[in-house]
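*Asks:* could you look at this predicted model? Sequence included:
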Amino acid sequence: MSNITGLVDLHVNGHAGIDFLTAKSADEIRIATRSLKVHAVDGFLASLITSEMDDLRRAVALIQQVKDSQGSDEAKILGFHFEGPCLAQERRGVHSPNLLKNPEPSLISQLLSFPNVKMITLAPELPGAIAAIKKISSAGVVASLGHTTAGREIAEEAFNAGAKTVTHLYNGMEKDGGLVDVVLEREDVYFQMIIDDVHVSRELVTKACDKALDRLIITTDALAPAGLGPGKYPFGDMEIEIRDRKALRLDGKLAGGIGTLNRSLEILDELGYSREKTLPAASSRPLKLINAHL
């Protein structure tokens, strides 16, 4: 099936060699937004991982500058997704362990004070997290669960407090734990999932889609090397390597995605789901979640 346009990705850390957290200029940001457009993405959230507040501030200011003056050859920056710093140490993935924090009210206020913040990923089991979820939600920002050890009870409490989604189902959490069960059971919860034949097995993709295809949101978790070939590239304060069609930290840990939304839709085609049913997962549904439009 040919590539289609009009796609929306809520989890993009960078593209075409540019990492949003460490980009040095507006021109560099535009390299990424143009590359995303070439790969059929019309709109996206710039995702910024756990970092020093000063680095976050600098990155947001630069991306915001580009957001205010975009051309038709660029994927539209719809806002920001902060992945961290309130994540579980045990499930942090590539997030820097010494920068992780508990969701203190002052920290949450700081994060919410940034312009165009649309989504914040946090671990609901951390001290103060349920209150933080209420505060995030009441500010009109999506609270998303991720990088978490939460089981059923805490997951239920988090969704009841206003969390609306999970950042990458099956990744950064127990694959067969209570959180996954709650997400697939609750009809008021969307789930974001990376469908690239790397992050999640086809068996687990099928398990989720058979149960809740109408609540799926496809994301790529795209890193700076997305859109490029093998080699070594920056990601926040570390270096990652693309090899064997995977983005790996130098110690071999999976660092994020290099796939495309079009390929995700093709994988779902191959699994037997109709394009009519899957296309909203990469177009209208993500926009609805963050209350945005192209």
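*Replies:* Yep, that arrived. Numbers count the residues shown, from 1 in each chain.
*Asks:* now do the buried residues in the longest helix along the chain.
*Replies:* Taking DSSP state H as the assignment, the helix of the chain that covers the most residues is helix 53-67. The neighbour-count criterion (16 or more other CB atoms under 10 Å) identifies 56, 58-60, 62-64, 66-67 as the buried residues of helix 53-67. In this view, the C-beta of every residue, glycine as well, is placed from N, C-alpha and C.
*Asks:* pipe those residues into a markdown table and attach distance to Thr165 and pLDDT per row.
*Replies:* Written out in a markdown table, the entries for the buried residues of helix 53-67 read as follows (distance: CB to CB, whole Å; pLDDT from 0 to 100):
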| residue | distance to Thr165 | pLDDT |
| --- | --- | --- |
| Leu56 | 22 | 98 |
| Arg58 | 28 | 98 |
| Ala59 | 23 | 98 |
| Val60 | 22 | 98 |
| Leu62 | 27 | 98 |
| Ile63 | 22 | 98 |
| Gln64 | 24 | 98 |
| Val66 | 26 | 98 |
| Lys67 | 23 | 98 |
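*Asks:* so which of these is the closest to Ile242?
*Replies:* Closest approach between the buried residues of helix 53-67 and Ile242, by CB to CB: Ala59, at 22.4 Å.
*Asks:* hmm, the closest one is touching Ala26, no?
*Replies:* No. Between Ala59 and Ala26 there is no contact under CB atoms under 8 Å: 11.9 Å.
*Asks:* need phi/psi at Thr121.
*Replies:* Dihedral pair for Thr121: phi -90, psi 130, per degrees, to the nearest 10.
*Asks:* count of neighbours near Ala224?
*Replies:* Residue neighbour count, defined by other CB atoms under 10 Å, stands at 27 for Ala224.
*Asks:* the one 10 residues further on too?
*Replies:* Using other CB under 10 Å, Pro234 has 18 other residues around it.
*Asks:* how about the nearest residue to Asn116, chain neighbours excluded?
*Replies:* Here the nearest residue to Asn116 in space, its sequence neighbours aside, is Gly79; by CB to CB, 6 or more residues apart in numbering that works out to 3.9 Å.
*Asks:* swap in Ile290?
*Replies:* Spatial nearest neighbour of Ile290, chain neighbours left out: Lys118 (4.3 Å); criterion: CB to CB, 6+ apart.
*Asks:* look at the one you found and say how many residues are nearby.
*Replies:* Counted by other CB under 10 Å, the residues lying close to Lys118 total 19.
*Asks:* doesn't it fall inside a strand?
*Replies:* Yes. Applying DSSP: H, G, I helix; E, B strand; the rest coil, one finds Lys118 inside a strand.
*Asks:* do I have it right that it meets Gly79?
*Replies:* Yes. Between Lys118 and Gly79 a contact is recorded at 3.8 Å, counting by CB under 8 Å.
*Asks:* what touches both of the two?
*Replies:* With contacts taken as CB atoms under 8 Å, 6 or more residues apart in numbering, the residues that reach both Lys118 and Gly79 are 45, 290, 292.
*Asks:* what is the nearest of those to Arg92?
*Replies:* Top of the list for closeness to Arg92, among those and by CB to CB, is Leu45 at 20.6 Å.
*Asks:* now do the contacts for the closest one.
*Replies:* By CB under 8 Å, 6+ apart, the contact list for Leu45 reads 9-12, 77-81, 118-119, 290.
*Asks:* among these, name the ones in strands.
*Replies:* The members of the contacts of Leu45 that map onto strands under DSSP state E are 9-12, 77-81, 118-119.
*Asks:* is Ala131 in a helix, a strand, or coil?
*Replies:* Of the three states, Ala131 takes helix under three-state DSSP.
*Asks:* isn't it right up against Pro105?
*Replies:* Yes. Using CB under 8 Å, Ala131 is in contact with Pro105, at 7.3 Å.
*Asks:* more neighbours, these two?
*Replies:* Neighbour totals were compared for Ala131 and Pro105, and Ala131 leads with 14 against 11 (other CB under 10 Å).
*Asks:* give me the neighbour count for Thr148.
*Replies:* Thr148 has 28 neighbouring residues, counting by other CB under 10 Å.
*Asks:* ditto for the one 3 residues further on
*Replies:* By the criterion of other CB under 10 Å, Gly151 has 16 neighbours.
*Asks:* so what pLDDT did it get?
*Replies:* The per-residue pLDDT reported for Gly151 equals 97.
*Asks:* can you tell me which residues contact the residue nearest to it when sequence neighbours are not counted?
*Replies:* Once its chain neighbours are removed from consideration, Gly151 has its nearest residue in Gly178; the separation is 3.9 Å (CB to CB, 6+ apart). If a contact means CB under 8 Å, 6+ apart, then Gly178 has 150-153, 155 as its contacts.
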